[in-house]
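Asks: please find the sequence and the predicted model below.
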Amino acid sequence: MEFAIGMSAAVAVGAFATAIGFDKDRSFYPVVLIVIACLYLLFAAMAASTESLAAEAVPALLFIAMAGIGFRKSLWIVVAGLALHGIFDFFHHAAITNPGVPVWWPGWCLAYDVVAAAYLAALLVIRRNSRAV
């Protein structure tokens, strides 16, 4: 169920952002990636786990860096960051112990991240093709 809800949420957020023009601003999807990267930090803080917070900081900084570089250089880096975060969600439990992570979260976030990456990739291709015409 968490996969279906995560996928639906990503489509809904993407469609809403497109409909009202949020995603015309180059910073929209990098900011989404930053927020996504920080959620595991939030879960560690909610569990009052300093050890988890320190462990979660390393991948969070990697994804935040991808967001910043992607904003400056190419939104395709943000696409990669979103997709890689989805892969990270799949392996997270094996790499980092974080007692604050809800049981359903990794599946939800994996689905959200992959669909958000696909949505942004589709936008980039559509916008490139419409400029070429």
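Replies: Arrived safely, thanks for sending. These figures come from a predicted structure and were not determined experimentally. Numbers count the residues shown, from 1 in each chain.

Asks: so how far does stretch 21-34 reach from one end to the other?
Replies: Criterion C-alpha to C-alpha, to the nearest Å; first-to-last residue distance in stretch 21-34 is 20 Å.

Asks: in that stretch, what's buried?
Replies: Under the neighbour-count criterion of 16 or more other C-beta atoms under 10 Å, stretch 21-34 has 22-23, 28-30, 32-34 buried. C-betas here are computed from N, CA, C, even on glycine.

Asks: and if you look at stretch 43-55?
Replies: Neighbour-count burial for stretch 43-55 [16+ other C-beta under 10 Å]: 43-44, 49, 52-53, 55.

Asks: now do that stretch: distance to the chain's middle.
Replies: From the chain centre to the centre of stretch 43-55 is a distance of 20 Å (C-alpha atoms, centre = their mean, to the nearest Å).

Asks: tell me how far the ends of it are from each other?
Replies: End-to-end span of stretch 43-55 (C-alpha to C-alpha): 12 Å.

Asks: pLDDT score for Arg131?
Replies: pLDDT, the model's per-residue confidence, is 78 for Arg131.

Asks: could you count how many residues lie near it?
Replies: Look at Arg131: counted by other C-beta atoms under 10 Å, it has 7 neighbours.
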